[in-house]
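Chemist: Got a predicted model here, sequence first, then my questions.
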Amino acid sequence: MDHHCNTDRTHKYPAPPSLVELGLQDRPLPSKRLSGQDLTKLKKFRFQLLCDWLVEQFDPCRIADIGGGKGLLAYLLQKSCWQATVVDPYNQALPNKYKDLQNDRRVRIAPTERVPRLAQPFTPDLAVDFDLLLGLHAHGCNIRIIEAARDQGCDFVLLPCCVIDEPAVPPPDKHWLPWLADYARQQGFAVQHFQLNFKGQNIGLYNTGHTG
Ligand SMILES: C[S@@+](CC[C@H](N)C(=O)[O-])C[C@H]1O[C@@H](n2cnc3c(N)ncnc32)[C@H](O)[C@@H]1O
């Protein structure tokens, strides 16, 4: 593993890997104009899409949404009987509404509603209270999440975006996403990628077991 000292704490990307390189299928190009069900409609609903994916992949468990921002993902997971806690140093209120994709309805969140929050930066010792550590565009937490999952025997799901405030950066010829996946493999995890249908960095990695 090339472990470069992160002096400027940012990283300029080479071209991202293709979906095929990550073990994901490239979407076939449509041969005709799209209509109806074929239209991609869900581009901005990342919390709803990730919640649905988690509910399909895992049984309800104690999940830390690290860098969870306003907490909508934790709120949605709670509705599916998960014990979800936001770990984020910046205390933010829940949004006052969200779109329910199943019913295509706007749902209000009352100002009195809350999700459990730890208003502090993520530290590996926190992992002891969780089964699953999740980082959705969680700044500065990706490497620590993998290491905490390794040390505490938790699972992890990461959708990394930029390399900000991480303790190490990839070498210049390596993209952050496969570098993190390789790093997790070196920590003894079997790793797979997945992709969700929202705008922005929508490719994730998660452990499917342990190899060591
Ligand atoms: C790009 S935002 C992502 C927020 C949310 N997950 C989303 O997708 O909208 C990054 C979040 O990481 C949080 N953050 C920054 N440093 C952190 C740290 N050391 N531990 C936990 N969260 C951190 C920020 O407060 C911010 O809410």
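Modeler: Thanks, I have it.
Chemist: Next to the ligand, which bits of the chain? Give me the list.
Modeler: 66-69, 87-90, 121-122, 136-141 (Cβ under 6 Å from any ligand atom). Every residue, glycine included, has its C-beta placed from N, CA and C.
Chemist: which regions of this protein sit below the pLDDT cut-off?
Modeler: 1-13, 26-41, 211-212 (pLDDT under 70).
Chemist: what ranges do the strands span in it?
Modeler: For the chain, strands defined by DSSP state E occupy the ranges 4-5, 62-66, 83-87, 97-100, 105-108, 117-118, 132-136, 155-159, 168-169, 189-195, 203-210.
Chemist: Reformat these into TSV and put mean neighbour count and distance to Ile146 next to each item.
Modeler: Below are the strands of the chain laid out as TSV (neighbours: other Cβ atoms under 10 Å; distance: least, Cβ to Cβ, whole Å):
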stretch	mean neighbour count	distance to Ile146
strand 4-5	10	17
strand 62-66	25	12
strand 83-87	24	15
strand 97-100	14	29
strand 105-108	10	34
strand 117-118	18	19
strand 132-136	25	9
strand 155-159	24	6
strand 168-169	18	11
strand 189-195	17	7
strand 203-210	18	9
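Chemist: of all those strands, which lies closest to Lys44?
Modeler: strand 97-100 (8.9 Å; Cβ to Cβ).
Chemist: who's in contact with the closest one?
Modeler: Contact partners of strand 97-100, identified using Cβ atoms under 8 Å, 6 or more residues apart in numbering, comprise 45, 47-48, 72, 75-76, 105-109.
Chemist: give me that answer again for 10 Å
Modeler: For strand 97-100, contacts defined as Cβ atoms under 10 Å, 6 or more residues apart in numbering pick out 42, 44-45, 47-48, 72, 75-76, 79, 105-109.
Chemist: Go through stretch 112-126 and flag the buried ones.
Modeler: 115, 117-118, 121-122, 126 (16 or more other Cβ atoms under 10 Å).
Chemist: Distance-wise, check Gly153 relative to Leu133.
Modeler: In this structure, Gly153 and Leu133 are 11 Å apart, going by Cβ to Cβ, to the nearest Å.
Chemist: what touches both of the two?
Modeler: Common neighbours of Gly153 and Leu133 (Cβ under 10 Å, 6+ apart) are Ala127.
Chemist: Let me see the ranges of the helices in the chain.
Modeler: 46-57, 72-79, 142-152, 176-186 (DSSP state H).
Chemist: now those helices as a markdown table including mean neighbour count?
Modeler: Shown next, in a markdown table, are the helices of the chain (neighbours: other Cβ atoms under 10 Å):
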| stretch | mean neighbour count |
| --- | --- |
| helix 46-57 | 18 |
| helix 72-79 | 22 |
| helix 142-152 | 21 |
| helix 176-186 | 20 |
